[in-house]
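[1] return a 3D structure for these sequence lines:
(one chain, ligands or ions: 1)
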Amino acid sequence: MTQTGLAARRTAHSLLNSVTEDQRLLSEVMPAKLSRLEADDRARVQRIVTGTLRSMDRLDRVLKPHLRKRPAGPVQNALRLGAYEICEGGAGHGVVNAYVEIVGRDKKNAKLKGLVNAVLRKVADEGAPNWGKMPVPQLPKWIRNPLIDAWGNKAIAGIENAHFAGAAIDITVKSDAAGWAEKLGGTVLPTGSVRLPAGVQLSALDGFASGDWWVQDASAALAARALAPQAGEKVLDLCAAPGGKTMQLAAAGADVTAVDISAGRMERLSENLTRTGLKANVVVADALQLTEGGYDAILLDAPCSATGTIRRHPDLPHAKDGSEFGELFEIQIQIMDHALTLLKPGGRLVFCTCSLLPDEGEVQIDDLLDRHPDLTVNTDAIRAIDGIDPDWITEEGGLRLRPDYWRDLGGMDGFYIAVVTKPA
Ligand SMILES: C[S@@+](CC[C@H](N)C(=O)[O-])C[C@H]1O[C@@H](n2cnc3c(N)ncnc32)[C@H](O)[C@@H]1O
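    Residues are numbered from 1 along each chain as shown. Now for the predicted structure:
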């Protein structure tokens, strides 16, 4: 950190405000803000902000006894960041002064800098002796309650544990998972992905520049496995960017057309294809506007709430409140129905979402079958995936993946995958 750490802490404060006050995701605001900092400060900002977001509920409990009422969002955020740093062993004096200065510079809240000083001093003096033993942070109620309804209280505790623990980096390799695991010091997971050791710098690793592997959570890798692409098959990858699944399909020898509405994300897909030496037809378009069909198989990785990825994105529960999800469910229905029109008779559609909500998984497939009674769910395609636990197969024949699964291996992202077949 710079001498006083002020630039990094101001950036951390501004990022946290973007999430909680402006409902922005870190992925939208972080790159621009970090680009102004030295590499050292960038890493620290990321550590402080993601640590604070992951510990939000704990921090609010630490702060509560020192506050008569919760102050305005930006002031509470300065307190949260300061308390986080202190509880994680930061030097009390420097931390307190920095956050007092940050609030003091904010015209609207400057009068509360005395409060910030008093509260953070108390936290620094008293410490948080039980910090490491406090209950695992709970998700905000707007997402916690539907997840309890879906999976029960025991599951939610496991899911929250997994969110708090964070996620390892998984890679999908073109071939020889065991060889790459050995070379990179990782482990081969039951489904064939390789889990890397903590703290690696990806671009410096063997096999990155040569494109022998790409980063992809072990759960996400199973959608293309469920599709089981055959060499020469005409496959449409809908909602494809940044291309993790496109690369799997292309590596299997399929003739892949990758479509996504976002030109920026498609640039990343093209870069990924170049790095890995794989080929696909790259099309920037709205899936709903496609007219050319005749595909043997379609993989639809639909836009969704992304609630399965909270391990990696602890900002999501604090930036969102679920109000836009209804619109996403509707888009999923429209793209699924349109995808069916592009599929050959006898063709297969893989529908998947990185979501923990049944509304974006099990319920979507039940509803799809109500709308199209001639479709069949192909559970054999799910059963054929190496390394999955048969208990993960759902009543309607899909695959439900949750962060609390593989507890001893370090968890997985939440995901839902189903394969449906069109009548021949
Ligand atoms: C879950 S991400 C896809 C991840 C990707 N399949 C992968 O494996 O790397 C969802 C994608 O849907 C795209 N999208 C959203 N609405 C779309 C639409 N109407 N048509 C095409 N793509 C869309 C978004 O731009 C986003 O890239």
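
[2] any residues touching the one helix or strand Pro317 maps to, and which ones?
    Element membership for Pro317 (DSSP states H and E) is helix 316-319. With C-beta atoms under 8 Å, 6 or more residues apart in numbering as the contact definition, helix 316-319 has outside contacts at 19-20, 23-26, 53, 56, 139-140, 142-143, 306-307, 309-310. For every residue, glycine as well, the C-beta is placed using N, CA and C.

[3] what's the PyMOL line that selects buried ones from those residues?
    To isolate the buried subset of the contacts of helix 316-319 in PyMOL, counting by 16 or more other C-beta atoms under 10 Å, use the following:
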select buried, resi 19+20+24+25+26+53+56+139+143+306+307+309+310
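
[4] does the residue of the stretch 1-150 of the chain found nearest the ligand count as helix, strand or coil?
    Per C-beta to the nearest ligand atom, Ser27 is where the stretch 1-150 of the chain lies closest to the ligand, at 11.7 Å. Under DSSP: H, G, I helix; E, B strand; the rest coil, Ser27 falls in the helix class.

[5] which residues does the residue nearest to it when sequence neighbours are not counted contact?
    Nearest residue to Ser27, sequence neighbours excluded (C-beta to C-beta, 6 or more residues apart in numbering): His313, at 7.2 Å. Neighbouring residues of His313 by C-beta under 8 Å, 6+ apart: 25-27, 306.

[6] any idea of the pLDDT on Ser1?
    If you look again at residue 1, you'll see it is Met, not Ser. With respect to pLDDT, Met1 has a value of 45.

[7] pretty sure His313 is in a strand, no?
    No. Counting by three-state DSSP, one finds His313 to be coil, located in no strand.

[8] averaged pLDDT, the helix holding Pro317. What do you get?
    Here the average pLDDT along helix 316-319 is 97.

[9] get me the contact residues on the stretch 1-150 of the chain for the ligand.
    Residues of the stretch 1-150 of the chain found near the ligand (C-beta under 6 Å from any ligand atom): none.

[10] what ranges do the helices span in the stretch 1-150 of the chain?
    Here the stretch 1-150 of the chain has its helices, by DSSP state H, counting those that start in this stretch, at 6-22, 26-34, 39-54, 56-63, 73-87, 92-104, 113-126, 141-151.

[11] so which of these is the most surrounded?
    Across these, averaging neighbours per residue (mean count of other C-beta atoms under 10 Å) puts helix 73-87 on top, at a mean of 25.

[12] state the mean pLDDT of it.
    97.

[13] so what are the domain limits for the protein?
    With domains defined by automatic domain parsing, the chain comprises 6-133, 218-421.

[14] between these, which gets the lowest average pLDDT?
    Note on the domains of the chain: lowest mean pLDDT is at domain 6-133, with a mean of 94.

[15] got the phi/psi numbers for the nearest residue to Ala424 once chain neighbours are set aside?
    The shortest distance from Ala424 to any non-neighbouring residue, by C-beta to C-beta, 6+ apart, is to Gly346 (3.8 Å). Dihedral angles of Gly346 (phi, psi; degrees, to the nearest 10) stand at phi 80, psi 0.

[16] returning to that earlier point: could the helices of the stretch 1-150 of the chain go into JSON lines alongside distance to Pro358?
    As requested, the helices of the stretch 1-150 of the chain are exported to JSON lines (distance: least, C-beta to C-beta, whole Å):
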{"stretch": "helix 6-22", "distance to Pro358": "26"}
{"stretch": "helix 26-34", "distance to Pro358": "25"}
{"stretch": "helix 39-54", "distance to Pro358": "25"}
{"stretch": "helix 56-63", "distance to Pro358": "25"}
{"stretch": "helix 73-87", "distance to Pro358": "32"}
{"stretch": "helix 92-104", "distance to Pro358": "41"}
{"stretch": "helix 113-126", "distance to Pro358": "40"}
{"stretch": "helix 141-151", "distance to Pro358": "5"}
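
[17] out of the ones you listed, which gets nearest to Glu362?
    helix 141-151 (8.8 Å; C-beta to C-beta).
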